[in-house]
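Visitor: Here you go, sequence then predicted model.
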Amino acid sequence: MDFSLSKEQEAIQKAAEEFARGEFDKDIALEHEMAHTFPYGIWKKACELGFVGIHYPEEFGGQDYGIFENALLVETFCRQDSGIGIALSLSDFASEIILRFGTEEQKQRYLIPVTKGEALSSGGFTEPDHGSDITFMNTSAIREGDEYIINGVKTFITNGTISRFVVLLCQTDAEVKPTYRGQSVIIVERDTPGFTSSDVGDKMGIKMTSTGELSFNEVRVPVSNLIGKENRGFYQVLEFFDESRIEIAAQALGIAQGAFDRALNYTKERKQFGKKLAQFQVTQHKLADMLTQIETARLIVYKAAWNFDQGKIDPKLTSIAKMYAGRVAVEVADEAIQLFGGYGYMLEYDVERFYRDAKIMEIYEGTREIQKNTIASAILGKL
Ligand SMILES: Cc1cc2nc3c(=O)[nH]c(=O)nc-3n(C[C@H](O)[C@H](O)[C@H](O)COP(=O)(O)OP(=O)(O)OC[C@H]3O[C@@H](n4cnc5c(N)ncnc54)[C@H](O)[C@@H]3O)c2cc1C
């Protein structure tokens with residue numbers, strides 16, 4: 001067993017670090033945070049340098065690396081700035097479903113613009129009445145000749161108001177039992193008549209991403225927009241989650257590390273009662289606990305990513321990584337604010353933003369409780 005990064009992986013990490021240090025300007029980050037806007041300029045540069053879609057094949061604008069290298073990149077970006085890091089990480093959200101199950105034509109049409117920085121993507125699974133439970137979708141796609149006619153509403157969709165296309169989970173057969181055997185994933189382009197979107201409103205964190213409600217009213221798309229096989233959509237989405245939850249875990253890891261870095265620096269500077277905060281043993285223990293949590297999370301996240309790249313797909317491990325790293329991000333960012341005292345509560349000192357950005361790690365891509373359900377069912381099997 002060898003826990004060290006390869007020379008190539010170290011080089012990727014260093015390149016990501018240099019890019020993030022150079023481009024994730026604090027003032028620009030705060031502007032986007034306050035205005036709730038996507039950092040288009042930084043995203044375009046990240047795409048030009050091949051950071052977005054690093055795990056895609058070269059023919060689709062990627063660099064042929066694995067999920068592990070992508071996780072390193074996402075961790076590094078989120079460590080430098082949680083808001084910009086998450087926005088870049090989610091810029092190609094759900095495109096991996098096309099990569100994994102799509103036709104050659106779909107990959108050419110949708111993946112290349114995503115990696116080139118010409119298009120954002122989004123994945124529409126959640127509905128107002130179906131969040132954790134996606135085994136039935138009210139959004140229907142009924143086949144009529146060479147077209148699907150789509151009706152329904154999706155909510156909380158990242159990039160929902162700005163993506164060029166959405167990868168949509170629909171019910172193509174509402175009669176079959178169990179109902180998830182009647183679901184399909186279909187691509188809908190933004191300019192398709194009957195497809196509208198609106199912002200869901202202000203939110204706690206990840207303010208540089210748009211979160212949209214999507215409405216489909218008699219939306220007609222060609223049958224060629226179906227991804228993979230009809231009525232296999234639920235399984236395709238679950239396979240995608242095995243991969244994407246590792247990326248979320250990497251976001252969480254980066255947020256935790258970034259909050260820790262800031263707290264460490266601050267406690268070495270700030271003086272109270274004639275001493276640096278870092279000289280109080282209680283501070284030292286807090287820092288020790290925070291780092292212990294981060295290093296433990298890193299081991300699990302890296303293991304989940306490495307296993308994935310070896311073809312050892314283990315939903316249980318992916319869920320452990322996402323659940324654990326998500327909790328660590330929230331707890332470490334919380335403790336970082338505590339170490340900053342009143343300054344930690346202020347936008348200017350970053351850690352409150354890291355804290356707000358951390359919380360979503362325990363909600364999207366399956367809540368903490370849903371991860372526990374996955375872990376428990378893998379341990380217990382059918383009872
Ligand atoms: C900012 C943001 C971005 C998002 N981006 C996307 C996106 O891009 N695409 C997308 O499709 N969705 C997205 N989501 C939706 C997200 O995945 C859902 O919010 C999440 O899956 C939970 O669904 P829900 O909100 O309906 O909560 P519910 O499912 O109603 O859950 C409420 C509570 O009940 C618990 N619960 C539910 N079922 C069980 C159970 N069986 N056992 C134990 N506890 C349970 C949950 O854990 C939670 O604590 C996003 C959400 C947010 C807030």
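Guide: Here it is on my side, so go on.
Visitor: Strands along the stretch 1-150 of the chain, start to end?
Guide: Using DSSP state E, counting those that start in this stretch, the strands of the stretch 1-150 of the chain run over 121-124, 140-144, 147-158.
Visitor: Outside of the shortest one itself, list whatever touches it.
Guide: By CB atoms under 8 Å, 6 or more residues apart in numbering, the residues outside strand 121-124 that reach it are 91-95, 97, 110, 114, 139, 154, 157-160, 163-169, 212, 214, 240. C-betas here are computed from N, CA, C, even on glycine.
Visitor: Any idea what residue 150 is bridged to?
Guide: Judged by DSSP bridges, the bridge partners of residue 150 are residue 141, residue 219.
Visitor: just checking, it touches residue 216?
Guide: Yes: here residue 150 reaches residue 216: they are 4.5 Å apart, a contact under CB atoms under 8 Å.
Visitor: Overlap in contacts, those two.
Guide: Counting by CB under 8 Å, 6+ apart, the residues touching both residue 150 and residue 216 are 139, 168, 188, 194.
Visitor: For the first one, which non-adjacent residue is closest in space?
Guide: With CB to CB, 6 or more residues apart in numbering as the criterion, residue 139 has its nearest non-adjacent residue at 2.7 Å, and that residue is residue 152.
Visitor: Hmm, the one you found is touching residue 136, no?
Guide: No: with contacts counted by CB under 8 Å, residue 152 stays clear of residue 136, the gap being 11.7 Å.
Visitor: Which one of those two is surrounded by more residues?
Guide: residue 152 (21 against 16; other CB atoms under 10 Å).
Visitor: Name all residues that make contact with the more buried one.
Guide: Contact analysis of residue 152 by CB under 8 Å, 6+ apart lists 127, 137-140, 170, 215-216.
Visitor: Can you select the buried ones among these for me in ChimeraX?
Guide: Burial among the contacts of residue 152 is assessed by 16 or more other CB atoms under 10 Å; the matching ChimeraX selection reads:
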select :127,137,139,140,170,215,216
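Visitor: In a markdown table: the contacts of residue 152, plus pLDDT and distance to residue 146.
Guide: Converted to a markdown table, these look like this (pLDDT from 0 to 100; distance: CB to CB, whole Å):
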| residue | pLDDT | distance to residue 146 |
| --- | --- | --- |
| 127 | 98 | 26 |
| 137 | 98 | 22 |
| 138 | 98 | 24 |
| 139 | 98 | 20 |
| 140 | 98 | 18 |
| 170 | 98 | 17 |
| 215 | 98 | 24 |
| 216 | 98 | 18 |
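Visitor: Could you work out the most separated pair of the contacts of residue 152?
Guide: The widest separation within the contacts of residue 152, taken as CB to CB, falls between 137 and 215 and amounts to 14.3 Å.
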